[in-house]
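Participant: Predicted model, plus sequence, below.
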Amino acid sequence: MLRRESWYVNTKRVYRLYREEALQVRTKKRVKSAAQVRITLPEASCPNQRWSMDFVSERLANGRWFRILTILDQYTRECLCAYADRSQTGEKVAEQLHRLIELRGAPESITSDNGAEFTGRAMDNWAHQAGVKLSFIRPGKPVENGYIESFNGRLRDECLNVEVFLDLADARRKLDQWRSDYNQQRPHSALADRTPDEFASVAMQLSSALSPGERAEGLTQEVVCVERFK
């Protein structure tokens, strides 16, 4: 982020100051597990092709729990939704997805776990009407939805663990502020250190410039990254 703001400083010096001032985000240590055979899922090749969604739980200042519906574009890494409510149902999920589709259009598929909110009749009816395929991972295999799991970890470390939510309205306001900062200000290493918004803008421009045949072959992230620095 310093380089993006035209600061040219020694990397080791920045890291030393970063440690001395205790600026690092305290992350939960991940427990290493034995290697397992994993199924390779198809990757998105253009913006708005495949989304991922999941829930994250958190407490208000008064101790009451609330849940956050998170939705991510697998290709651009944009956080499309971080909607908080005291409870989440299939109807509420469908409502948020309908809102997103009106703004962005419908994806080809959405990856999620097998939670009742995602597998119920409300979501089944919505998916049929919207023409969207619901792709469910295997039970107990969150790694198969790695994009949203990684995003939820960042949301937890950078927002939920450092904020105090006075009430539901306060939680929604702070989540919306963090989502805007994540999309517009935070560079992502998988996007050639571009922000999700910047990467999505370039990807959409390149996609519109491609012929139908080229578009069918898919627009890789490497092409977008190279084009961005021409």
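Facilitator: Perfect, thanks for sending it. Numbering: from 1, shown residues only.

Participant: what's the residue most central in space within the chain in contact with, if anything?
Facilitator: Ranked by distance to the mean C-alpha position of the chain (C-alpha atoms, centre = their mean), the top residue is residue 72 at 3.3 Å. Counting by C-beta atoms under 8 Å, 6 or more residues apart in numbering, residue 72 makes contact with 51-53, 78-80, 147-148, 151. All C-beta spots, glycine's among them, are computed from the backbone N, C-alpha and C.

Participant: If we only consider those residues, which is nearest to residue 176?
Facilitator: residue 79 (10.3 Å; C-beta to C-beta).

Participant: And the helix or strand residue 197 falls within, what does it pack against?
Facilitator: If you go by DSSP states H and E, residue 197 is part of helix 196-209. Contacts defined by 3 or more C-beta pairs under 8 Å, 6 or more residues apart in numbering; DSSP states H and E place helix 196-209 against helix 168-184, helix 221-228.

Participant: Enumerate the positions of the longest one that are buried.
Facilitator: Within helix 168-184, the residues that qualify as buried by neighbour count (16 or more other C-beta atoms under 10 Å) are 171-172, 174-175, 178-179, 182-183.

Participant: ditto for stretch 60-80
Facilitator: By 16+ other C-beta under 10 Å, the buried positions in stretch 60-80 come out as 60, 66-80.

Participant: for stretch 195-208, same thing?
Facilitator: Using 16+ other C-beta under 10 Å as the burial criterion, the residues of stretch 195-208 that qualify are 195-204, 206-207.
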